[in-house]
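**Q** Sequence plus the predicted model coming up.
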Amino acid sequence: MTALWIAHVHVTDPEAYGRYAKLATEAIAAHGGVFLARGGRYVQLEGRDRARNVVARFPSLEAAVECYNSPAYQEALTHAKGAAERDLMVLEEV
């Protein structure tokens with residue numbers, strides 16, 4: 001069953017976050033992830049507003065979690081820490 005990687009982000013250091021995004025894109029693709037939404041227009045209806053919203057589809061929940069824990073993604077995260085406030089979850093599709 002496929003799964004969605006959903007991130008809500010407030011970027012505080014665009015330069016550092018740009019480095020994260022480049023490396024994260026490569027790591028996500030290497031684990032079968034495909035972006036469905038990345039930035040773009042949105043309407044905040046409830047909850048905390050974060051200007052950057054990302055959705056990627058993975059072949060499975062396990063593949064998404066494996067991606068997150070991979071050395072390549074963890075390297076990317078070193079650039080995001082301190083450069084953004086993030087919420088990230090993986091949700092299995094129905």
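**A** Cool, got the structure.
**Q** Pull the number of nearby residues for residue 67.
**A** Neighbours of residue 67 under the rule other CB atoms under 10 Å: 22. Heads up, the C-betas are built off the backbone N, CA and C, glycines and all.
**Q** go on, residue 92?
**A** By other CB under 10 Å, the residues close to residue 92 number 13.
**Q** which residues sit in contact with it?
**A** 1-3, 61 (CB atoms under 8 Å, 6 or more residues apart in numbering).
**Q** Among those residues, which one is most surrounded by other residues?
**A** Most neighbours among the contacts of residue 92, by other CB under 10 Å: residue 3, with 21 neighbours.
**Q** beta partners for that residue?
**A** Residue 3 has these beta-bridge partners by DSSP bridges: residue 58, residue 92.
**Q** Help me confirm that residue 23 comes into contact with residue 74.
**A** No. Look at residue 23 against residue 74 with CB atoms under 8 Å: they stay out of range, at 9.9 Å.
**Q** For those two, indicate the residue with more neighbours.
**A** Set side by side, residue 23 and residue 74 show more neighbours around residue 23, with 19 against 12, by other CB under 10 Å.
**Q** Next, the buried residues of stretch 16-24.
**A** Using 16 or more other CB atoms under 10 Å as the test for burial, stretch 16-24 gives 16-17, 20-21, 23-24.
**Q** circling back: can you list the contacts of residue 92 in a markdown table and add pLDDT and distance to residue 87?
**A** As requested, the contacts of residue 92 are exported to a markdown table (pLDDT from 0 to 100; distance: CB to CB, whole Å):
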| residue | pLDDT | distance to residue 87 |
| --- | --- | --- |
| 1 | 96 | 23 |
| 2 | 98 | 21 |
| 3 | 98 | 16 |
| 61 | 98 | 17 |
